[in-house]
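K.L.:
next input, structure requested:
(one chain, ligands or ions: 2)
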Amino acid sequence: MRAVQVPQAKGAFQIVEMEIPEPPAGWVRVKVQACGICHSDSLVKDGLWPGIQYPRVPGHEAIGTVEAIGSGVEGWKTGQRVGVGWHGGHCGYCDSCRRGDFFACQIALLTTGISFDGGYAEYLNAPAKALASMPDELSAVESAPLMCAGVTTFNALRNSAARAGDLVAVLGIGGLGHLGVQYAAKMGFRTVAIARGKDKEPLARELGAAQYIDSQAQNPAAELQKLGGAKVVIATVTNADAMAATIGGLAPNGVFIVIGAAGPIQVDPLLLISGARSVKGWYSGTSIDSQDTLRFSALAGVKSRNEIYSLSQVSEAYDRMMSGKARFRVVLDMAR
Ligand SMILES: NC(=O)c1ccc[n+]([C@@H]2O[C@H](COP(=O)([O-])OP(=O)(O)OC[C@H]3O[C@@H](n4cnc5c(N)ncnc54)[C@H](OP(=O)(O)O)[C@@H]3O)[C@@H](O)[C@H]2O)c1
Ligand SMILES: [Zn+2]
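P.N.:
Residues are numbered from 1 along each chain as shown. Ligands and ions are numbered 1, 2, ... in the order given. Alright, predicted model coming up:
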């Protein structure tokens, strides 16, 4: 099979021929049809995640079909359409997992494309517990980004304190943000999109934003306050100053949900104290969260807007994502 690997931290992508992997007990082999390119793949490319063993095949937005099933796996059948996202599974039985705190799982916390080879390949071996069942009405190439960009924003919003009609802002309208705007609007929130420059305004409104704030021309915190203050902000930008400039837009009791991996964020303690505001992080979700995301997306008509590349164009595709110019997600189509 053909696969794209990162040979070492900061190394250039290599397109290599590899053996098609046999799934061990508890795992399945997925024939990949499409894989989205997420900004988090830069963690593998640049060696920013601790303990990665190179060479590594990145990719955690994969959609395909089950092709071979390892021993002990029940409930999945060959030919079934599935998605594989960031969360590759956790043990489920250590103290942390039994407390529902699976991030702290010390036994088997797995991340697709980081702790095992991911979806920039024609085939991928995944733990059965990492599979999400794919609704028939969604196409692989269109929907691959729902496996990370989708589930992360959907899950952050549905687990937030925001209720229908509340003001919810999405900071950064890239791969994650453009889905975040759609989910927020479909969940019935008064949705505000915040991005740099004017050019994304018509697109953000098309995606369902009721308001648009150009963070280069306006102060996003002040603009949110003029609208009454945000109950929730989901921050998908990759820049800490952009986050710091927006936290002041929270309403009392508002929550600023950090999703983008940015450097240290400056926060005024008085702002937090005076209105019991808070800043918290959000991690994408488990495979059942991904499955819920796929189903909600099919139901509500949420769609990723993608630019499509072949596997052999991976470097160009990745650079396009990193440039911030993609509208809005970059996807590798294995059939090209
Ligand atoms: N928490 C999680 O579970 C999780 C899951 C997936 C991804 N992530 C992280 O989420 C972030 C976004 O991922 P993505 O795939 O959506 O990335 P992306 O498509 O590259 O979008 C990045 C966004 O960051 C903004 N941005 C970039 N540079 C900026 C700057 N200098 N100042 C202000 N804004 C800037 C852009 O905002 P404009 O719209 O203003 O251009 C763009 O919307 C990444 O850090 C990624 O690693 C986290
Ligand atoms: Zn991702």
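K.L.:
from here on, contacts and neighbour counts on C-alpha atoms
P.N.:
Fine.
K.L.:
name the SS class of V28, please.
P.N.:
Assigned with DSSP: H, G, I helix; E, B strand; the rest coil, V28 falls in the strand class.
K.L.:
count of neighbours near the residue lying closest to it once chain neighbours are set aside?
P.N.:
Spatial nearest neighbour of V28, excluding adjacent residues (CA to CA, 6 or more residues apart in numbering): I69 at 4.5 Å. Applying other CA atoms under 10 Å, we find 23 residues neighbouring I69.
K.L.:
list the contacts for I69?
P.N.:
23, 27-29, 76-78 (CA atoms under 8 Å, 6 or more residues apart in numbering).
K.L.:
how is the chain divided into domains?
P.N.:
If you go by automatic domain parsing, the domain ranges for the chain are 2-146+284-333, 151-281.
K.L.:
quick one: stretch 172-180 near ligand 1?
P.N.:
Yes. Contact of stretch 172-180 with ligand 1 (CA under 6 Å from any ligand atom) involves 172-177.
K.L.:
format those residues as a markdown table; extra columns: distance to R98, pLDDT and secondary structure.
P.N.:
As requested, the residues of stretch 172-180 next to ligand 1 are exported to a markdown table (distance: CA to CA, whole Å; pLDDT from 0 to 100; DSSP: H, G, I helix; E, B strand; the rest coil):
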| residue | distance to R98 | pLDDT | secondary structure |
| --- | --- | --- | --- |
| G172 | 35 | 98 | coil |
| I173 | 36 | 98 | coil |
| G174 | 35 | 97 | coil |
| G175 | 33 | 98 | helix |
| L176 | 30 | 98 | helix |
| G177 | 32 | 98 | helix |
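K.L.:
from those, which two are the most distant?
P.N.:
Greatest spatial distance among the residues of stretch 172-180 next to ligand 1 (CA to CA): G172 and G175, at 8.9 Å.
K.L.:
for the stretch 51-200 of the chain, what lies in contact range of ligand 2?
P.N.:
Applying CA under 5 Å from the ion, one finds that the stretch 51-200 of the chain approaches ligand 2 through C148.
K.L.:
where does the prediction get shaky in the stretch 51-200 of the chain?
P.N.:
Within the stretch 51-200 of the chain, no range satisfies pLDDT under 70.
K.L.:
what ranges does the stretch 1-150 of the chain have for its helices?
P.N.:
Remark: helices assigned in the stretch 1-150 of the chain by DSSP state H, counting those that start in this stretch are 41-45, 95-98, 140-143, 149-158.
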